[in-house]
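1. Model the following, please.
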Amino acid sequence: MTDPAYEAGRNVLGPVIARFVRDLRLQAGAAGPPGEVALLFCARGGLRLRLAYETGVRALGMDVGGHVADLMVSRLMAAKATLGRTPYAVDVFLKECAGRTLDEAAVLLLPPHLAGLDLGPALRGRPVDRQGLQALLEGEGAACAAVRAEVGDQASAFAAHLAQASAGRRRLMLVDTGLYGGTMRLLEEGFPDAEWSCSMVGRSNHSGADAPHFRRTTGVLFEADRTVGHRPASALLRHWHLVEGLFEPALPSVRRLARAADGTIVSNLQVPDWQDVVAARGNAQFDGVMDHLASLRPSDLLTLDAAADRAERVLARMILRPSHADVAALAIAPRSFDFGRDGASLVLRPTEGAGLRERVWSVRHSLWREGQIRLVVPCPGLALRAFAVGRWLFEILPGGRRGMDGIRTRLRRRLAARTRRQGPAEAMRPRIVNPS
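-> Predicted structure coming up:
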């Protein structure tokens, strides 16, 4: 029996990613001559994006368009590397550590063997705010000194890694999954001597944040803050974890860099045989995508757009109005937490044995709400239509987004107040953002 996830990868996601590969190659050509451009694929998702890119362009009869390399980076790594270089890095830490204590923030900044250092009575248990973070970075005591040493060491290590990865090129083109491009913004502001650009699967600013880097950041498949009908690929915003699950290999997120015996910079991601893990088969959707890319021929350049247009319409229908078979085809493994935190969150919530109220409530906590509706709500077809209409009205009514922003702000404040009263384990429970 054919695996529905593999079929979705080969016949639906495959043509969509083929267009991504072709357009990314065109963007690399526009960035400059191959001898002046470095395409840096950002770990973790970029590692398999690179594999897809190199397979696709060669199958289509094109070269890769410049120097190609893996960049061992994450938002946490980029923030640590630029903490003394750009105020935005401080803003990132403040956002990610909202409602937590300086003790918990220090764990993200210290090397693993020093993570238990006591901050002392002046900082111990203090909530994270701008003044507190400054005190952690500039204060006295062994813990603060260790934080400063680690931040300086990681900044130096990342600068060396960036120089190695870019191989002397000044025009640096980051390639990542998306959506906001926070890593690009951190690196662009922290290392301004390079000429930066960023190409992602999709670009979105659904939170309405300040985005000065968007002028040099491109969403190859779509650029949208919400799902819009005339851009079928924007439906991926409703199930964005599909993209991340498709490309992220079973490797840890980059948290720290170190210098190897041969002088190269390596990350904690680069465990023994890590490149074999990146290339390994076993993710049925990714296997299907790779088989589709490998089957391409140069003559397919003539029909690539038409095939991708058809596939994007099918994908949008599968995401926004899924059948039970579609849910099985697009289901993904639990999503790992972001910004150096351990653990994972289910994309679809199990509801076996749950009552009607609990089943309906599970939609709110799902990372793919349309898929959850199909599984748990009575009359799912009608419920999906009503859900789509509700989202549409929310987007077009005056003040809809403003009102929701106010609700989110109040909820964040309540969360911050509550987590300050809780123990460290509960306070460090990560949040996964659903760009719904």
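2. Confirm that Gly219 lies within a strand, as I assumed.
-> Yes: checked against DSSP: H, G, I helix; E, B strand; the rest coil, Gly219 lies within a strand.
3. Next, the contact list for it, please.
-> 178-179, 200-204 (Cβ atoms under 8 Å, 6 or more residues apart in numbering). All C-beta atoms are positioned from the backbone trio N, CA, C, and that covers glycine.
4. Which members of these are the farthest-apart pair?
-> Val201 and Ser204 (10.5 Å; Cβ to Cβ).
5. More neighbours: which of the two?
-> Val201 (26 against 22; other Cβ atoms under 10 Å).
6. Please look at that one and Asp23 and confirm they touch.
-> No: using Cβ atoms under 8 Å, Val201 is not in contact with Asp23, being 10.6 Å away.
7. can you map out the strands along this structure?
-> For the chain, the strands defined by DSSP state E cover 37-42, 67-71, 171-176, 195-203, 217-223, 257-259, 265-267, 335-336, 344-345.
8. Kindly reformat the ones you listed as a markdown table containing distance to Ala143 and mean pLDDT.
-> Shown next, in a markdown table, are these (distance: least, Cβ to Cβ, whole Å; pLDDT from 0 to 100):
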| stretch | distance to Ala143 | mean pLDDT |
| --- | --- | --- |
| strand 37-42 | 31 | 97 |
| strand 67-71 | 30 | 98 |
| strand 171-176 | 33 | 97 |
| strand 195-203 | 34 | 97 |
| strand 217-223 | 37 | 96 |
| strand 257-259 | 21 | 93 |
| strand 265-267 | 24 | 95 |
| strand 335-336 | 28 | 74 |
| strand 344-345 | 30 | 74 |
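9. ok, and which of the ones you listed has the densest surroundings?
-> For those, the largest average neighbour count (mean count of other Cβ atoms under 10 Å) is found in strand 37-42, namely a mean of 26.
10. Mind listing residues that contact that strand?
-> So strand 37-42 is in contact with 28, 31, 46-47, 49-50, 53, 64-71, 73-74, 165-167, 169, 171-176, 183, going by Cβ under 8 Å, 6+ apart.
11. How about stretch 151-169?
-> Contacts for stretch 151-169 (Cβ under 8 Å, 6+ apart): 36-38, 40, 66-67, 69-73, 77-78, 80-85, 109, 137, 172, 187, 191, 194, 256-259, 264-265.
12. what is the mean pLDDT for that stretch?
-> Across stretch 151-169, pLDDT averages out at 95.
13. in it, what counts as buried?
-> By neighbour count on 16 or more other Cβ atoms under 10 Å, the buried set for stretch 151-169 is 151, 153-155, 157-158, 161-162, 165-166, 169.
14. Just those: which are in helices?
-> Counted as lying in helices by DSSP state H, out of the buried residues of stretch 151-169, are 151, 153-155, 157-158, 161-162, 165-166.
15. May I ask which two of these are separated the most?
-> Across these (Cβ to Cβ), the longest gap, 22.3 Å, separates Val151 and Ser166.
16. Need the ones in helices among the buried residues of stretch 151-169 in JSON lines (columns: distance to Val16).
-> As requested, those are exported to JSON lines (distance: Cβ to Cβ, whole Å):
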{"residue": "Val151", "distance to Val16": "40"}
{"residue": "Asp153", "distance to Val16": "41"}
{"residue": "Gln154", "distance to Val16": "36"}
{"residue": "Ala155", "distance to Val16": "38"}
{"residue": "Ala157", "distance to Val16": "36"}
{"residue": "Phe158", "distance to Val16": "33"}
{"residue": "His161", "distance to Val16": "32"}
{"residue": "Leu162", "distance to Val16": "31"}
{"residue": "Ala165", "distance to Val16": "28"}
{"residue": "Ser166", "distance to Val16": "29"}
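17. From those residues, pick the one nearest Ala5.
-> Ala165 (32.7 Å).
18. Give me the nearest residue to the closest one, chain neighbours excluded.
-> Excluding the flanking residues, the one nearest Ala165 by Cβ to Cβ, 6 or more residues apart in numbering is Ala69, at 4.3 Å.
19. next one: Lys80
-> Using Cβ to Cβ, 6+ apart and skipping the chain neighbours, the partner closest in space to Lys80 is Gln154 (4.7 Å).
20. neighbours of the closest residue in space to Asp305 that isn't next to it in sequence, just the number please.
-> Ranked by Cβ to Cβ, 6+ apart and with sequence neighbours excluded, the top spatial neighbour of Asp305 is Arg19, at 6.6 Å. Look at Arg19: counted by other Cβ under 10 Å, it has 20 neighbours.
21. got a list of what Arg19 touches?
-> Residues near Arg19 by Cβ under 8 Å, 6+ apart: 221, 304-305, 308.
22. again, but for Leu246
-> Shown in contact with Leu246 (Cβ under 8 Å, 6+ apart): 9, 13, 48, 283, 285-286, 289, 332.
23. Any of the residues you listed buried? List them.
-> Here, 16+ other Cβ under 10 Å leaves 9, 13, 48, 283, 285-286, 289, 332 buried among those.
24. Met290 reaches Leu49, doesn't it?
-> No: with contact defined as Cβ under 8 Å, Met290 does not reach Leu49; the gap is 11.6 Å.
25. who's more crowded, those two?
-> More neighbours surround Leu49 than the other of Met290 and Leu49, with 27 against 22 (other Cβ under 10 Å).
26. quick one: that one from Thr86, how far?
-> If you measure Leu49 against Thr86 using Cβ to Cβ, to the nearest Å, the figure is 26 Å.
27. Equivalent analysis for Arg44, please.
-> Between Arg44 and Thr86 the distance is 23 Å, computed by Cβ to Cβ.
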